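Engineer: Have a look; sequence and predicted model below, questions after that.
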Amino acid sequence: MSPTVLPSTTTPAGTGPAAQGARLPLRERLAGQIQHRGALAVLVLVAAIASATSATFPTWSNISSILGNNAFVWLLALGMTFVIITGGIDLSVGSMYALGGVLGAYGAQTGGTWLAILLPLAVGAAWGTVQGLLIARAGMAPFIVTLAGLLGARGLLQAVTREGATTYLVPAGSWFRNLGAGVWTPVVLVAVLFALGGLLLTRTRFGAALTALGGNENAAVLMGLPVARAKVLVYLLSGTLAAAAGALGSARLGSGVTTIGVGYELTAISAVVIGGTLLTGGSGSIGGTVSGVLLLAVIHNLIDHYFSQYGSAFTDTVNGAFLALVVLLQTLLSRTQQLS
Amino acid sequence: MVQQAPVPVPDSVLEVAGVDKSFAGVHALIGVHFTLRQGEVHALIGENGAGKSTLIKVMTGVYRPDAGRIRFAGRDREFRNPLEAQAAGISTIYQEVNLVPLMSVARNLYLGREPRRLGLVDVRRMNRDAAAELRRFGVDTDVTRPLRTLGLGAQQMVALARAVQVDARVVIMDEPTSSLEPREVDTLFEVIRRLKDHGIAVVYVSHRLDELYAVCDRVTVMRDGAVVHTGEIAGLERLKLISLMLGREPATVREEGATAFDADRDAATEGRPALRATQLNVRHRLHGVSLDIRPGEVVGLGGLLGAGRSETAKAIIGALAADGGSVEVDGTVLRRRSPAAAMRAGVVMLAEDRKAEGIIPSLSVRENIALAALPRLSRAGLVSQAKQDELVRFFMDRLRIKASGPDQRVGDLSGGNQQKVLLARWLCLQPKVLLLDEPTRGIDVGAKAEVQALINELAGDGLGVLLISSELEELIEGSDRVVVLKDGRVVGELAGDQVSEDALLGALAQDGQDRQVGQVGQVGQDRQVGQDRQDHDKEPQS
């Protein structure tokens, strides 16, 4: 970072042919804003309509149940945001969530709180590292590697619980339970992790390298960025977060539930994409993902409230429709930006 | 007598000695020696496939040499990747802008070495520094906007700013001016001179000879993977430089005919042109190129790499968006400009890169040939198998395509036969004009002769042919007329007896202002540095 070898000016400022006016055209700025804050706008809109039309939605008990019951699962979307920004995908997080829960309960039952925390983290990190190495070093497709990871983690889970025959319980008096209790502990824990994630993405060289790698991998390599290492770390991060989320979930539920987590990876991906992160990589934000997970949770809550007779099938349909809409919008927006 | 040990050039900063590199048995570099002195601007030139890019990649750690060594700053070095080369002080600006389009300008400038405070990236300082930095390169813009919203020239400047910002001792520029406006070129030259003043060595790859004379101190010419000349650029004649690049002695006139073209074929020189292109303009690439092709005539497009030959062909069929100009086929102006419209009008193009732009290796010969003709062979959406077979068989015979049968996979055929399959595909459409971009590149000698003979025959059948070839013999013996391009302009036309190697070399060596048709002889002696750039400057800014 030595000072440049150039003297103060070679071309008078503003007269160079490359000068193109300081600001982007309005249309393009608008498109950028919609991509980055669209989910937030829709969230506010939906929440406002819900608050106005429903007596139960804006109550503390309802809001706390939305937050407390879902917060841990949102960590999957946090990890997924990093993965998707690099242009990858991590399908193993749903299984890892369940495995983390069982390992957390197993740790609490056999070794106490420390084991309950460290065991799932270690397994999640190791699992993610292996996936990352296969993707970054062996050049395998993230979709295939993490699909294998999804099946493998599920299998490991079956083995640990002897196909569900053994249920591990978090002892009633264990301190571990405090981590998942109530509303505030989960919400604060998750909020802190999201904040750290945001900092990591926007304010560190690692975060910049991730975005660069997703935007133009070739250029990132030629610029001398540590591309392979960044890829491994991103899957490590995602695996660790998923396992941690599972462990915290088990602290809340009091046991390791083997049937949990199926399809959670898809919900996480939806939340990330709805939050404005490009599925092709290179652009995205943690703030967007926060809007995405909250939006999905609110919609979920509303559907449960208004259409409970239709059951959860309807929820998935709405999720799907939403996702399709968002991706359509993203395509249109990027077309707008390319045209100008 | 005092015995003097051979002393290595003391001020050499980068030295490549006896480097070999081959890919799958093909020698890309053969015993290459290249010495870069501190604070010099060293031109590296050569035609396509001469080995320039490979040499650059060897120097920057993208490739490892098979043999030989690289000395940098007085030590033997083996760079394992671009990162190591960069850390050591070798920065590279690639021809394609290698930045991240979605990220902000400032981010791109500082990626990997962002200013930090308390461990976190200091975004405000980064943006402020980036804005100040770029202003020195003539780019005055909001550095927080995504890079892709900048023009190509400005993007190139960002890449340049990035490259010189690291502690570089060597900056390698691979065709840095290909997307720059004339004024940006001036800024670039100024930057280069300042780099030089600070003792930084620059390797400058460009096909624009005027630029080389304007900014470079020494020149290394490569041909077929080997260095054929290194020396001071001042005092080296243009004509000499070009003949070194092309491997032709300008004085040697041979009339043996190394190609399979029939020298005696009478070309139609009258009648309405099958194709008339008028004033084709493509931003930065073509400036008012006009040419006619009459039925039965082979018109060659001459010019060095980067002169705009492929661009001309692409602009004619509408694959490159032209800013102006018109294309007439058989007297009718093409209203829509797209490859499909051109095809309907009877103009087809055989692309230079047949792997990327033409052949579908996993499909059979039959399918590849019939592909473009399918709409014509089908009725109500169904393809008539019988008609297809008939057509395919006809062309396999006519073009002497050597395949085990129409069902053989095209990927298994030799390069020459693949080229014939592509040719057959276009001939199915019964075109009036055929644009051939390097039709014999990368195919073996025998097949080459056959393709050349075919071109001859097709012209004999009344087809208008535009022939682009980097091989002088092919161009000269195959063409009835040669239109010479330079920097996107027509600088000369050779017809009849003028179509000779000497005349072509002479036309290529002409200076920007010297544009008399087919002038041969004294050109080349009176080198006028920077003449062409002055020409550029007269152009209205777009």
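Structural biologist: Here it is on my side, so go on.

Engineer: drop to CA atoms for contacts and neighbour counts, all remaining ones
Structural biologist: Noted.

Engineer: Let me see the contact set for the residue nearest the centre of chain A.
Structural biologist: For chain A, the residue sitting closest to the mean C-alpha position, by C-alpha atoms, centre = their mean, is A:A77 at 1.8 Å. Residues near A:A77 by C-alpha atoms under 8 Å, 6 or more residues apart in numbering or on different chains: A:A268, A:I269, A:A271, A:V272, A:T289, A:V293.

Engineer: 10 Å instead?
Structural biologist: Listed by C-alpha atoms under 10 Å, 6 or more residues apart in numbering or on different chains, the contact partners of A:A77 are A:83-84, A:93, A:194, A:238, A:241-242, A:264-273, A:286, A:289-290, A:292-293.

Engineer: One more: A:L323?
Structural biologist: Residues in contact with A:L323 (C-alpha under 10 Å, 6+ apart) are A:T267, A:I269, A:S270, A:A271, A:V272, A:V273, A:I274, A:T317, A:L329.

Engineer: Could you say which helix or strand holds it?
Structural biologist: Using DSSP states H and E, A:L323 falls within helix A:312-339.

Engineer: quick one on the thing from earlier: and the contacts of A:L323, which is closest to chain B?
Structural biologist: Chain B has its nearest neighbour among the contacts of A:L323 in A:V273, at 16.6 Å by C-alpha to the nearest C-alpha.

Engineer: before we move on, back to that, got CSV for the contacts of A:L323, with secondary structure and distance to B:L44 too?
Structural biologist: As requested, the contacts of A:L323 are arranged in CSV below (DSSP: H, G, I helix; E, B strand; the rest coil; distance: C-alpha to C-alpha, whole Å):
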residue, secondary structure, distance to B:L44
A:T267, helix, 55
A:I269, helix, 49
A:S270, helix, 51
A:A271, helix, 52
A:V272, helix, 48
A:V273, helix, 47
A:I274, helix, 50
A:T317, helix, 61
A:L329, helix, 48
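
Engineer: packing partners for the strand or helix carrying B:A503?
Structural biologist: Assigned by DSSP H and E, B:A503 belongs to helix B:501-509. In terms of contacts (3 or more C-alpha pairs under 10 Å, 6 or more residues apart in numbering or on different chains; DSSP states H and E), helix B:501-509 is packed against helix B:238-246, strand B:298-302, helix B:472-478, strand B:481-486, strand B:489-495.

Engineer: per-residue confidence at residue 192?
Structural biologist: Reading this off chain A. At A:V192, the predicted lDDT confidence score is 96.

Engineer: my question was about chain B
Structural biologist: So, for B:I192, pLDDT stands at 89.

Engineer: thought it was touching B:D217?
Structural biologist: No - with contact defined as C-alpha atoms under 10 Å, B:I192 and B:D217 do not form a contacting pair (11.7 Å).

Engineer: who's more crowded, these two?
Structural biologist: Just comparing B:I192 and B:D217: by other C-alpha atoms under 10 Å in any protein chain shown the higher neighbour count belongs to B:I192, 22 against 17.

Engineer: Show the contacting residues for that one.
Structural biologist: Counting by C-alpha under 10 Å, 6+ apart, B:I192 touches B:E40, B:V41, B:V164, B:V171, B:D186, B:H198, B:I200, B:A201, B:V202, B:Y204, B:V215, B:C216.

Engineer: ok, for the last one, nearest residue in space, not its chain neighbours?
Structural biologist: With C-alpha to C-alpha, 6 or more residues apart in numbering or on different chains as the criterion, B:C216 has its nearest non-adjacent residue at 4.8 Å, and that residue is B:V41.

Engineer: Redo the contacts of A:L323 as a markdown table? Include pLDDT.
Structural biologist: Below are the contacts of A:L323 laid out as a markdown table (pLDDT from 0 to 100):
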| residue | pLDDT |
| --- | --- |
| A:T267 | 89 |
| A:I269 | 93 |
| A:S270 | 89 |
| A:A271 | 90 |
| A:V272 | 92 |
| A:V273 | 89 |
| A:I274 | 86 |
| A:T317 | 78 |
| A:L329 | 73 |
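
Engineer: What's the PyMOL line that selects buried ones from the residues you listed?
Structural biologist: To isolate the buried members of those in PyMOL, using 16 or more other C-alpha atoms under 10 Å in any protein chain shown:
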select buried, chain A and resi 267+269+270+271+272+273+274+329
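
Engineer: Could you dump the contacts of A:L323 into TSV and include distance to A:Y97?
Structural biologist: Formatted as TSV, the contacts of A:L323 follow (distance: C-alpha to C-alpha, whole Å):
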residue	distance to A:Y97
A:T267	13
A:I269	14
A:S270	17
A:A271	16
A:V272	17
A:V273	20
A:I274	21
A:T317	23
A:L329	31
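
Engineer: For the closest residue to A:N178 other than its chain neighbours, what are phi and psi?
Structural biologist: Spatial nearest neighbour of A:N178, excluding adjacent residues (C-alpha to C-alpha, 6+ apart): A:A251 at 7.3 Å. The phi/psi pair for A:A251 (degrees, to the nearest 10) reads phi -60, psi -30.

Engineer: Name all residues that make contact with A:A251.
Structural biologist: Contacts of A:A251 by C-alpha under 10 Å, 6+ apart are A:101, A:104-105, A:108, A:113, A:116-117, A:169-171, A:174-181, A:245.

Engineer: doesn't B:V191 make contact with the residue nearest to B:C216?
Structural biologist: No - judged on C-alpha under 10 Å, B:V41 makes no contact with B:V191 at a distance of 11.7 Å.

Engineer: Comparing the two, which residue is more hemmed in?
Structural biologist: Taking neighbours as other C-alpha under 10 Å, B:V41 and B:V191 compare with B:V41 leading, 26 against 21.
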